[in-house]
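1. Have a look; sequence and predicted model below, questions after that.
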Amino acid sequence: MVVEIAKDVTEYLESNKEKITEQSDIIVMLNEVARQCSEHYHVIVAEIDVLEYLKRCPILNECTRRVFSSLSRKAFELKAFSDRVTYKIVFYVGDIIRKEKNNSIIKIYIPILRKFLLKQAVLICENLSDARLYVDLTKEFLEERGENLYINVHLMHCGGSLMMDTVENEISYGECEPIACIVDSDRKYKDDSIGSTAKDAQRVFRRKENNYPIDLYILNVRMKENLFPPRLLLLDGVIANREMLERLEAKIDCPKYENVFKFFNFKEGIKYKNCEKNMMFKDQLEEIGYIWPTEEDVKASPEKILVKGMGADGLKAFHQEIINHKIDDRYHDAEKRRCKEEHKRLIKEKVDRARKVLEYADPYWRGDWQCIEQIVVNFGIAFPETMHFAD
């Protein structure tokens, strides 16, 4: 995260230097903030005179002074980090934790005069695979734009129903561990209410948002399986619901299919016995060639599959092959084995398209992609490992 040290911190140090000791909370806090940033968990920003003061402050430990000395030489570069985020922590001399919102920028002010040690930020999702996907997707977006940002965030899962307990438990340790949450909406159609996990996350967020560094994003689409257009998912050669994706690919510009793209359960698909619950998709599915069963069909074969789903781990291969570019290895292997030129050409075409994910940002998905990227950047941005803090 971007961690700002307010000017009143150095003013307090200067006016109270006779009574401050190495054990004073303000000194412990500053030493820990510097350590966290030097270990590439966060980014420190401050006015140049604040950095200049801290690099010469004798009561801070030597490593801390080295960090501030290095940052004072890079003071103008730090603005780029600050400008890239919409959520910041500000350590200040004050009595209460408070939240301040100015336009789209949120600052959470944390008193530095009492011990509330900064820790690495955490991204909590329903599954670890969700969290990894959101971080890797963000890194792909940044790379495609040529943004040289380093992301370092601890990933946690909560098993869906345990969202509230997981967040409350992390907060209960009494440390400043910034928390970002991304959860499925579980909406089945546009005006549907959000699901129980999202509601739990929303409740804990509303209780804590003004006095703890926490943010929440609830997907606009139903779940992560709805986050990607068919033509991007079809780059995965083993995706289980290929037939449906191929039928839908031509409907991307058809407004009446928006509900299908955003809210159809691509993970589970539809069995005959569940057709009644999916009537909102009936017209579109019939239009792309699916034959809706009669009541007699349902009674006779309730477990028969109408639309095949991609399965619980249906995005796993897509994540690895396309987002993480494991498909590159397949291409190099094909070259080593001297495969036919046509085979290599088809793989190379996918390799190239997988480097242009942003070109698939159709209107149905663009908003979710942007919000996922921003919350991951807000909580995961850190000084890169190539940045050193020795004099």
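-> Arrived safely, thanks for sending. Numbers count the residues shown, from 1 in each chain.

2. Any regions of the stretch 1-150 of the chain where pLDDT drops low?
-> Of all residues in the stretch 1-150 of the chain, none has pLDDT under 70.

3. As a check, name the ranges of all helices in it.
-> 7-15, 25-38, 48-55, 62-73, 75-84, 128-145 (DSSP state H, counting those that start in this stretch).

4. Export the ones you listed to TSV and append columns for mean neighbour count.
-> C-beta: built from backbone N, CA, C; applies to glycine. Shown next, in TSV, are these (neighbours: other CB atoms under 10 Å):
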stretch	mean neighbour count
helix 7-15	16
helix 25-38	21
helix 48-55	19
helix 62-73	19
helix 75-84	14
helix 128-145	18
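
5. Residue 320 is nearest to which of these?
-> Closest approach to residue 320 among those (CB to CB): helix 128-145, 9.2 Å.

6. got the angle between that closest one and helix 75-84?
-> For helix 128-145 against helix 75-84, the angle by axes from the mean of the first three to the mean of the last three CA atoms, to 10 degrees is 120 degrees.

7. got a list of contacts for helix 128-145?
-> By CB atoms under 8 Å, 6 or more residues apart in numbering, the list of residues contacting helix 128-145 from outside reads 123-125, 148-149, 151, 153, 155-157, 182, 224, 313, 315-316, 319, 323-324, 355-358, 369, 372-373, 376-377, 380.

8. Would you write a ChimeraX line that selects the buried entries of those?
-> Buried residues among the contacts of helix 128-145 (16 or more other CB atoms under 10 Å), as a ChimeraX selection:
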select :123,124,125,149,151,153,155,156,157,182,224,315,316,319,323,324,357,369,372,373,376,377,380
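
9. Do you have the helices of the stretch 251-391 of the chain handy? List them.
-> 258-263, 282-287, 295-300, 316-318, 327-336, 341-353, 363-380.

10. what helices or strands is the last one leaning on?
-> By that I understand helix 363-380. Secondary-structure packing of helix 363-380 (3 or more CB pairs under 8 Å, 6 or more residues apart in numbering; DSSP states H and E): strand 87-92, strand 122-125, helix 128-145, strand 150-151, strand 179-183, strand 214-218, helix 258-263.

11. Report the contact partners of residue 182.
-> By CB under 8 Å, 6+ apart, the contact list for residue 182 reads 123, 125, 130, 131, 134, 216, 217, 218, 219, 372, 375.

12. closest to residue 89 among these?
-> Nearest to residue 89 among the contacts of residue 182, counting by CB to CB, is residue 375 at 14.7 Å.

13. Quick check: the closest one vs residue 170, distance?
-> In this view, residue 375 and residue 170 are 16 Å apart by CB to CB, to the nearest Å.

14. Do you know the pLDDT at residue 173?
-> Looking at residue 173, its pLDDT stands at 78.

15. and if you look at residue 387?
-> Taking residue 387 on its own, its pLDDT is 84.

16. dump the residue contacts of the residue nearest to it when sequence neighbours are not counted.
-> Excluding the flanking residues, the one nearest residue 387 by CB to CB, 6 or more residues apart in numbering is residue 40, at 7.6 Å. For residue 40, the contact set (CB under 8 Å, 6+ apart) comprises 150, 152, 382, 383, 384, 385, 387.

17. change it to 7 Å
-> By CB atoms under 7 Å, 6 or more residues apart in numbering, the contact set of residue 40 is 150, 152, 382, 383, 384, 385.

18. I'd like to know how far the second one sits from residue 135.
-> What it means is residue 152. According to CB to CB, residue 152 and residue 135 sit 10 Å apart.

19. what touches both of those two?
-> Shared contacts of residue 152 and residue 135, defined by CB under 7 Å, 6+ apart, are found at residue 380.

20. Kindly indicate which of the contacts of residue 182 lies nearest residue 281.
-> Nearest to residue 281, judged by CB to CB, of the contacts of residue 182 is residue 219 at 18.7 Å.

21. and that closest one, how far is that from residue 127?
-> 13 Å.

22. Look at these two and report which has more neighbours.
-> residue 219 (23 against 16; other CB atoms under 10 Å).

23. Local confidence estimate at the closest residue to the more buried one other than its chain neighbours?
-> Spatially, and ignoring its direct neighbours in sequence, residue 219 is nearest to residue 185 (4.9 Å; CB to CB, 6+ apart). Note for residue 185: predicted pLDDT of 96.

24. same thing with residue 335?
-> For residue 335, the model assigns a pLDDT of 80.

25. Could you do residue 157 as well?
-> pLDDT, residue 157: 88.

26. ok, now which ones touch it?
-> Contacts for residue 157 (CB under 7 Å, 6+ apart) come out as 125, 126, 127, 128, 131.

27. one step back: who's more crowded, residue 375 and residue 170?
-> Taking other CB under 10 Å, residue 375 and residue 170 do not tie; residue 375 has more neighbours (23 against 20).

28. Surely the more buried one is in contact with residue 217?
-> Yes - assessed by CB atoms under 7 Å, residue 375 is found in contact with residue 217 at 4.9 Å.

29. re earlier: just name the closest of the contacts of residue 40 to residue 77, please.
-> residue 383 (10.5 Å).

30. that older thread, ok, now how distant is the residue nearest to residue 219 from residue 201?
-> As judged by CB to CB, residue 185 and residue 201 stand 11 Å apart.

31. cool, residue 308 as well?
-> According to CB to CB, residue 308 and residue 201 sit 31 Å apart.

32. out of those two, which sits in the more crowded spot?
-> Between residue 308 and residue 201, counted using other CB under 10 Å, the more crowded position is residue 201 (26 against 16).
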